[in-house]
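Mind looking at a prediction? Sequence and model below.
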Amino acid sequence: QVQLVESGGGLVQAGASLRLSCAASGHTFSSYAMGWFRQAPGKEREFVAAITRTGGRTVYADSVKGRFTISRNNNKNTVHLQMNSLIPRDTAVYYCAAREGTVGTPDRRIDYDSWGQGTQVTVSS
């Protein structure tokens with residue numbers, strides 16, 4: 001399994017932007033579809049965005065569509081989540097996830113094989 005480490009979280013005001021990064025270990029990063037999930041206190045972990053192995057296709061949760069952008073750099077083994085126009089409801093721990101061997105953009109938690117430890121994002125009003 002690939003090892004994932006997230007970074008870039010923090011405390012920001014509503015309307016601000018943050019860019020999360022996820023660094024992956026191993027030499028087969030391009031064989032993994034990548035996703036971002038988030039979990040707010042007392043709530044289930046929910047899908048945010050996913051990207052195919054090549055980066056050619058992305059998918060987003062309705063709640064972040066138009067505000068968040070997922071991207072990847074297979075040469076650097078990284079995936080990013082650019083978050084703009086943040087609102088307090090975006091407050092959560094954000095997790096990076098990897099799924100090997102799929103050509104699609106999985107959007108279910110059970111579809112993913114590997115997870116990072118998470119990074120906290122807090123948006124104040």
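Sure thing, it's come through.

Geometrically speaking, which residue is the centre of the protein?
Taking CA atoms, centre = their mean, the centroid of the chain lies closest to residue 36, which sits 2.3 Å from it.

Show the average pLDDT along the helix or strand that one falls within.
Element membership for residue 36 (DSSP states H and E) is strand 32-39. The average pLDDT for strand 32-39 rounds to 97.

How about stretch 106-119?
95.

contacts for it?
Stretch 106-119 has contacts (CB atoms under 8 Å, 6 or more residues apart in numbering) with 1-9, 20, 22, 32-33, 35, 37, 39, 45, 47, 50, 59, 61, 93-100, 102. The way it works is simple: take the backbone N, C-alpha and C, and place the C-beta from them, glycine included.

again with stretch 76-84
Outside stretch 76-84, the residues that touch it by CB under 8 Å, 6+ apart are 17-26, 29, 34, 36, 48-49, 51, 64, 67-73, 90, 94, 96, 121.

If we use 7 Å, what do you get?
17-24, 29, 34, 36, 49, 51, 67-72, 90, 96 (CB atoms under 7 Å, 6 or more residues apart in numbering).

Just the buried residues out of those residues, in ChimeraX syntax.
The buried residues among those can be selected in ChimeraX (16 or more other CB atoms under 10 Å) with this line:
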select :18,20,21,22,23,24,29,34,36,49,51,68,69,70,72,90,96
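
Quick check: strands, which of the contacts of stretch 76-84 are part of them?
Among these, the members found in strands (DSSP state E) are 18-24, 34, 36, 49, 51, 68-72, 96.

now residue 123: how far from residue 17?
11 Å (CB to CB, to the nearest Å).

same deal with residue 89?
Residue 89 sits 16 Å away from residue 17, going by CB to CB.

Output the below-cut-off pLDDT ranges for the protein.
Residues of the chain meeting the criterion pLDDT under 70: none.

so the residue nearest to the centre of the chain bridges to which residues?
residue 49, residue 96 (DSSP bridges).

check contacts around it.
By CB under 7 Å, 6+ apart, the contact set of residue 36 is 48, 49, 70, 81, 94, 96.

how about the residues you listed, which pair is most distant?
70 and 94 (11.5 Å; CB to CB).
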